[in-house]
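Asker: coordinates only, no sequence provided:
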Ligand code: AMP
């Protein structure tokens, strides 16, 4: 079965066409600056990529262009749209309604719309992607895969905030988490790699990229995660602050004369590695600057690793131990130095990084020593495959 996976952002639209049974990506690409005059599409098959400057006034036009390039032109991947069997959509916020992926119908669309209050940019974008597919491929089965659904297993003591209970009742203010598809994938792959049942393991999963989140997965059940009502909470990230004293928000609003939207923007887009280093949200640039003696870059690096270290401690306490710590995403998969800093000093907890293994690049791998009580794994994430697989399974069950 060929599944078209769509990940629609407010001004971008990423896609992959996946042959699920063979786990092969037939085509992939991204529409960027959708709605702007300088919009363009990057579309590729295998190693071959083309970049087309093309007007895309909205997501509907973007999907139209993607489909055109899938069936025609130099990088065509299929002969006709009939070869697309189903479509899987990434949706950020599934709220309390969705604890798993679902086939999309009118009721699901209405719920995603209702939940847009909790994730305005993301859910509205997903809806634009869904509506565009409905328009261009009417009748094609579609599935919504939610970033939050994996964490619906958290107990109330983990997902509630200690604020007046009425606010939870009135606005559904609670922790939902995010990156769930990635955490679910690496937890499953980690168990398979270790040749164990997921239900027998205590795992800490770490998605460390531009966005960062960690989860405690106790015997196959997600019991806690670092992102909150929104993806702003938890770890320090590329441009997001992660957990800070909430009093800072009102302080900067008062002292800098910021509106709520401006404060939100500052904490989401101007903080994290970028805010502290003043250089970049990209860890590679921050690392280069710190190695050249830039003090704030070094501080940013230290804070980032310390923030991960603290969550490792928390989740060991929450689960009463850990069997394996699993790292993924741009930083987790690639940054040897950050991994060294995260795990330095954790030997008393039975966590020992192997310096040589830590230098090896690529693929699923162990980077702890043979005598480390806790296994440290690197597992490259594949959220698109998970979305395609969920879509495949739900369409088959129909
Ligand atoms: P992601 O959001 O998963 O694409 O991850 C992006 C982050 O991964 C950026 O901060 C990059 O600097 C970082 N990253 C990617 N490759 C490397 C690398 N080889 N070394 C250090 N950081 C990297």
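Answerer: Done, it's in. Every value quoted in this text rests on a predicted model; they were computed, and no experiment measured them. Numbering: from 1, shown residues only.
Asker: next up, phi/psi of the residue in the stretch 51-200 of the chain positioned nearest to the ligand, please.
Answerer: With CB to the nearest ligand atom as the measure, the residue in the stretch 51-200 of the chain that lies nearest the ligand is residue 182; the distance is 9.1 Å. In short, each C-beta sits where N, CA and C put it, glycine included. Dihedral angles phi and psi of residue 182 (degrees, to the nearest 10) take the values phi -70, psi -40.
Asker: pretty sure it contacts residue 380?
Answerer: No - counting by CB atoms under 8 Å, residue 182 does not reach residue 380; the two are 10.3 Å apart.
Asker: what's around whichever residue of the stretch 101-250 of the chain sits closest to the ligand, how many residues?
Answerer: Closest approach of the stretch 101-250 of the chain to the ligand (CB to the nearest ligand atom) occurs at residue 209, with a separation of 2.5 Å. A count of nearby residues for residue 209, using other CB atoms under 10 Å, gives 19.
Asker: same deal with residue 250?
Answerer: For residue 250, the neighbour count with other CB under 10 Å is 10.
Asker: now the residue in the stretch 1-150 of the chain that the ligand sits nearest to: which helix or strand?
Answerer: Among the residues of the stretch 1-150 of the chain, residue 14 lies nearest to the ligand; the distance is 11.7 Å by CB to the nearest ligand atom. Under the criterion DSSP states H and E, the helix or strand holding residue 14 is strand 13-19.
Asker: quick check: next helix or strand after that strand?
Answerer: Moving toward the C-terminus from strand 13-19, the next helix or strand (DSSP H and E) is strand 24-32.
Asker: ok, then the element right after that next one?
Answerer: strand 40-45.
Asker: give me the packing partners of that next one, helices and strands only.
Answerer: Contact here means 3 or more CB pairs under 8 Å, 6 or more residues apart in numbering; DSSP states H and E; on that basis strand 40-45 packs against strand 24-32, strand 48-53, helix 59-71.
Asker: check contacts around the closest residue to the ligand within the stretch 251-398 of the chain.
Answerer: Relative to the ligand, the nearest point of the stretch 251-398 of the chain is residue 330 (2.1 Å; CB to the nearest ligand atom). Under the criterion of CB atoms under 8 Å, 6 or more residues apart in numbering, the contact partners of residue 330 comprise 208, 209, 210, 283.
Asker: need the mean per-residue confidence for the helix or strand encompassing it.
Answerer: With elements delineated by DSSP H and E, residue 330 resides in helix 329-334, which encompasses its position. Averaging pLDDT along helix 329-334 gives 97.
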